[in-house]
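Participant: just to be clear, the model below is a prediction. Sequence and coordinates:
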Amino acid sequence: MRLLFLGDVMGRSGRTAIAAELPRLRREWALDFVVVNGENATGGAGLSAAHASLILAAGADCVTLGDHAFDQREMTTTIEQEPRILRPLNYARLAPGRGARVFDAPGGRKVMVAQVLGRVFMKQPFDDPFSAIEAALKPATLGGTVHAVIVDVHAEATSEKTALGHWCDGRASLVVGTHTHVPTSDTRILARGTAYQSDAGMCGDYDSVIGMDKLEPISRFVTGMTKARFTPAEGPATLSGVFVETDDATGLARRVVPVRVGGALAASGP
């Protein structure tokens, strides 16, 4: 299968780039399944129903969220009505929605997508991500009940993301980190065949401070004071993510390539 994962969509700039570029990428790269992290798509904090519909209409098969999953209050009802939107598995126990789901893909194939939140340096005491993903992976046998497994690790610490990558090695097609908005250069296939990258980066304007207009973040660092709200930067966005080609028999990765399309970063892809 040919899989694409795109990192955190950041504000209007990211949404515009998704709407403009994703239909072309699906066609030109002959993609079978696309996952987009959309947790910053609405004003840099959360995802509205309208913006979720835009990302799905552009060609995403699944939209994952993160620690800002319910910053937009309407998502508490939207996520119950739209099965293609996932929140983290180890979020609050009574949170609406689901953290893992098996989706249909072309040719009768099945793809499981799951998301977990890290705990290191995160502000909330989330449940253990290792046991959460373990429970999700047990019924989804790679190369058996499902043809591909994609795990989104929404976390701050690269050590925790890497540990989760190795924990899932051989049981997932791709483990990829989100949340920090900066693409890492450790794209590789792990020992047992799982493609891995510590952070996919963001779909947003990189002439910014991790997607936010530069002035207020710099002012806070320099003065230690808050003068205004953070607002997403609105220059041309780079779509950042990971492309994976898997073996249909095993579901493991045969090839993995970092993706950078448009905007300020050097272009790359399959």
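Facilitator: Received, thanks.

Participant: shaky segments in this protein?
Facilitator: Within the chain, not a single segment meets pLDDT under 70.

Participant: okay, which residue is most central for it?
Facilitator: Asn37 (3.5 Å; CA atoms, centre = their mean).

Participant: quick check, it in contact with Thr64.
Facilitator: Yes: at 4.9 Å, Asn37 counts as touching Thr64 under the criterion of CB atoms under 8 Å. (Glycine included, C-beta is placed from N, CA and C.)

Participant: intersection of neighbour lists for these two?
Facilitator: With contacts defined as CB atoms under 8 Å, 6 or more residues apart in numbering, the residues shared by Asn37 and Thr64 are 152, 154, 178.

Participant: what bridges to the last one?
Facilitator: Put plainly, it is Thr178. Beta-bridge pairing for Thr178 (DSSP bridges): His154.

Participant: strands of the stretch 51-200 of the chain, start to end?
Facilitator: Secondary structure of the stretch 51-200 of the chain (DSSP state E, counting those that start in this stretch): strands at 62-64, 85-86, 100-105, 109-117, 148-154, 174-178, 188-189, 195-197.

Participant: would CSV of these with mean neighbour count be doable?
Facilitator: Converted to CSV, the strands of the stretch 51-200 of the chain look like this (neighbours: other CB atoms under 10 Å):
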stretch, mean neighbour count
strand 62-64, 26
strand 85-86, 24
strand 100-105, 16
strand 109-117, 25
strand 148-154, 28
strand 174-178, 29
strand 188-189, 15
strand 195-197, 28
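
Participant: can you list those strands in TSV and add distance to Thr223?
Facilitator: Below are the strands of the stretch 51-200 of the chain laid out as TSV (distance: least, CB to CB, whole Å):
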stretch	distance to Thr223
strand 62-64	35
strand 85-86	38
strand 100-105	43
strand 109-117	31
strand 148-154	30
strand 174-178	30
strand 188-189	41
strand 195-197	35
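
Participant: for Asp247, which of those strands is the nearest?
Facilitator: Counting by CB to CB, Asp247 lies closest to strand 148-154 out of the strands of the stretch 51-200 of the chain; the figure is 9.9 Å.

Participant: then the closest one to CSV, C-alphas only?
Facilitator: C-alpha atoms of strand 148-154 as CSV (Å, rounded to 0.1, in the frame of the first residue of the first chain):
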residue,chain,number,x,y,z
ALA,A,148,-1.6,-1.6,7.5
VAL,A,149,-1.4,0.0,10.9
ILE,A,150,-0.6,3.7,11.4
VAL,A,151,0.2,5.0,14.9
ASP,A,152,0.3,8.8,15.6
VAL,A,153,2.3,9.5,18.8
HIS,A,154,1.3,13.0,19.9
